[in-house]
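[1] When you get a sec, could you give me coordinates for this:
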Amino acid sequence: METLEKNIATPLSRQLYRILLQRIASGRYAAGRKLDSIRVLIQEFKVSSMVVNQALELLEKDRLIIRVPAKGVYVSSSESVATKPLQLLIAFPELAISPDLLPLSDWHANSEIYRGILGFGSRHNVNVHLEYFQEAADEFELNGQLRRLDGYDAVLFYGNQRQRLRALAHTVVPYVFDVGWAELPHRFGHEHIVGFTVADNAEVLLRFMRQRNFRRYGSITLYHPEEEQHFLLHRLELIHQRAAGFGVEPDEEFQFETAEAPAEAVRQIADRLRRGCPDLIFFNSDELELMYRAAARAGLLPGRDVNFLYMGPGPVCPQATRVAEPYFQIGETVVRKLVECARGNQPWAPGVTLLSSRVIEGGSTGAGREELPAAKVV
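    Below is the predicted model:
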């Protein structure tokens, strides 16, 4: 809608810039043709000459218009909206994507999303900016954060964090994205969520078990801080709930949680492995080193004497079978949607895009079966 709103954080000049940008993209102002005069724009939008000139300066900065003295303003024939650099801001809830600040698995996951954003963005002239945003303490700080968003084409948030800022971001930024990790966050009506669900992961795991003829499975869950422990147990419960539909069943005698201390966890796992193993063990943690140490302590060879897999990023343990969550694809999808809407003249469609995980089979699930390649995607 081609109107300017005076009661939002976005400056009038920025709003007018976006309207003129859309007119250029749609062909209303064709390449080489003259724009409406400053006087006409002042009358149409009921703004001052300063606002119009500031909007034109933004278009000139994008090299989309050319000012010709005594003649007027013309749409550039050499540059277009389709080639204009896009600015994507990642509103990150931590000071940096660093293993010093994040748990190992979160660091790998965030790095994969960032890699997907940078890879697709570099091929489509999208400049990526990463800034730390803390939870706003009051309205003054919140307004300051909104001003920091101004000037970007899109902003990406993470999960349910920074909800106050997310709720207002669309008043400043044309395209608002949010990443949904395992559980989808609360969605505001103006944003698009890209992610995956833990329920889908459970079905991917069970489908793999059926394909590989693993009929009974056990689980090992390591103790974690309370919030993460709740998530791990919820994930396991979803697998149990869906197991019968895939023709598999849990081994009730091999469902246990282990000690938090690594040495004690290895001892407990090794003792349990010695008493016999189900067809497959779901290692419900990303500390997979402990599983390998326990298997060695029990004298068992992974993939021959004991089969196991985990869910998580590949760098945690590249040689093990895992349910690979689509972090890289999340990053790519965000940038692809941004490019399609900002350059392809497609309407912005708030909603949810769910991506599917997949099983990448390594050496930890080959017991009693033919030799498998080092890595096999299922």
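
[2] how about the helices of the stretch 101-250 of the chain, start to end?
    104-123, 139-149, 163-168, 198-211, 226-243 (DSSP state H, counting those that start in this stretch).

[3] quick one, what contacts residue 51?
    Applying CB atoms under 8 Å, 6 or more residues apart in numbering to residue 51 gives the contacts 12, 13, 16, 45. In short, each C-beta sits where N, CA and C put it, glycine included.

[4] And it, its phi and psi?
    Backbone geometry at residue 51, expressed as degrees, to the nearest 10, gives phi -60, psi -40.

[5] And the pLDDT for the nearest residue to residue 320 once chain neighbours are set aside?
    For residue 320, ignoring the flanking residues on the chain, the nearest one in space by CB to CB, 6 or more residues apart in numbering is residue 364 at 4.4 Å. Reported pLDDT at residue 364 in the predicted model: 94.

[6] can you confirm residue 364 is in a strand?
    No: using DSSP: H, G, I helix; E, B strand; the rest coil, the secondary structure at residue 364 is coil, not a strand.

[7] which ones are touching the closest residue to residue 213 other than its chain neighbours?
    Nearest residue to residue 213, sequence neighbours excluded (CB to CB, 6+ apart): residue 279, at 7.8 Å. Counting by CB under 8 Å, 6+ apart, residue 279 makes contact with 209, 213, 214, 215, 216, 217, 307.

[8] and of the helices of the stretch 101-250 of the chain, who's closest to residue 71?
    helix 139-149 (36.0 Å; CB to CB).

[9] Flag the shaky bits of the protein, pLDDT-wise.
    Applying pLDDT under 70 to the chain flags residues 1, 9, 227, 314-316, 345, 367-378.

[10] which residue ranges form the helices in the stretch 251-378 of the chain?
    Going by DSSP H, counting those that start in this stretch, the stretch 251-378 of the chain shows helices at 262-274, 289-297, 327-343.

[11] I'd like those as CSV, with mean neighbour count appended.
    Shown next, in CSV, are the helices of the stretch 251-378 of the chain (neighbours: other CB atoms under 10 Å):
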stretch, mean neighbour count
helix 262-274, 17
helix 289-297, 19
helix 327-343, 22
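
[12] how about those helices, which one is nearest residue 318?
    Short answer: helix 289-297, nearest of the helices of the stretch 251-378 of the chain by CB to CB, at 12.5 Å.

[13] picking up where we left off before, how close does the residue nearest to residue 320 sit to residue 236?
    According to CB to CB, to the nearest Å, residue 364 stands 19 Å off from residue 236.

[14] between those two, who's got more neighbours?
    Counted by other CB atoms under 10 Å, residue 364 and residue 236 do not tie: residue 364 has more neighbours, with 27 against 19.

[15] Could you give me the buried positions within stretch 12-30?
    Judged by neighbour count (16 or more other CB atoms under 10 Å), stretch 12-30 contains these buried residues: 12-21, 23-25, 29.

[16] and the closest residue to residue 33 other than its chain neighbours, backbone torsions?
    Residue nearest to residue 33 in three dimensions, not counting chain neighbours: residue 75, with 5.6 Å by CB to CB, 6+ apart. The phi/psi pair for residue 75 (degrees, to the nearest 10) reads phi -70, psi 130.

[17] If anything else comes up later, I'll come back, but that's it for now.
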